[in-house]
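J.: I would like to see how this sequence folds:
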Amino acid sequence: MTELEKMKQGDWYDANNNPEIVQERYACFDLCFELNQLKPSDTKRLEVLKKLFGELPEGLELLSPFTCDYGKNVHLGKNVFININNYFMDGSTITIGDNVFIGPSCGFYTATHPLDYKARNEGLEKALPIVVGDNCWFGANVSVMPGVTIGEGCVIGAGAVVTRDMPANSVIGGVPAQVIKRL
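T.: Residues are numbered from 1 along each chain as shown. All right, here's what the predicted structure looks like:
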């Protein structure tokens, strides 16, 4: 099994030393760099976004700067707004539902590393999917960790660190994040 196949299956893979994976990541970094150099009004942004994600999601508004690792693992619903300075670490899929608003400086992190430093120093990581339901709103500086699913209709307060699944129609906040109240 190749390192790329291991990555897609959620197994431990060599993220730092495998030429195929590094090449894919740097191709994505180049597209992100190109996107981030364009004026917000430049219609070429749509072309770059289509290359980055493999499709152009309907009603997408994405402000620069924006960075992701592979692009093709990001799946955005309709009418998604992504504010400035967001990072999508998409070794696994990041699926964002319809009508989702993401505040500035949020991070969606699918990768995790071994606790054992010897394995970590070998470049190993594992990527687990993130799923966000429709109609969610993320305040500024929210971090979503690997393998998390957030139900539809949630409001995630600024600075929250979401480390586990969250139920639909909830106000979520804190470090680690918890349900503050049900909507």
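J.: Secondary structure element for the residue located most distally from the centre of the chain, which one?
T.: For the chain, the largest distance from the centre (Cα atoms, centre = their mean) belongs to K118, which lies 27.2 Å off. According to DSSP states H and E, K118 maps onto helix 117-121.
J.: Give me the residues contacting that helix.
T.: With Cβ atoms under 8 Å, 6 or more residues apart in numbering as the test, helix 117-121 has contacts from 12, 113-114. Every residue, glycine included, has its C-beta placed from N, CA and C.
J.: Using neighbour counts, trim those to the buried set.
T.: Burial by neighbour count, judged by 16 or more other Cβ atoms under 10 Å, picks out W12 from the contacts of helix 117-121.
J.: Nearest to V148 among the contacts of helix 117-121?
T.: When these are compared for distance to V148 (Cβ to Cβ), H113 wins out at 16.7 Å.
J.: That closest one and E122 touch, don't they?
T.: No: using Cβ atoms under 8 Å, H113 is not in contact with E122; the gap is 10.2 Å.
J.: hmm, back to that, which parts of the helix holding K118 are buried?
T.: Going by neighbour count (16+ other Cβ under 10 Å), nothing in helix 117-121 comes out as buried.
J.: helices and strands around whichever helix or strand comes after that helix, which ones?
T.: With elements assigned by DSSP H and E, the helix or strand that comes after helix 117-121 is strand 124-127. With contacts defined as 3 or more Cβ pairs under 8 Å, 6 or more residues apart in numbering; DSSP states H and E, strand 124-127 has these neighbours: strand 13-14, strand 111-112.
J.: quick one: which of those is nearest E24?
T.: Closest of the helices and strands packed on strand 124-127 to E24 is strand 13-14, at 12.3 Å (criterion: Cβ to Cβ).
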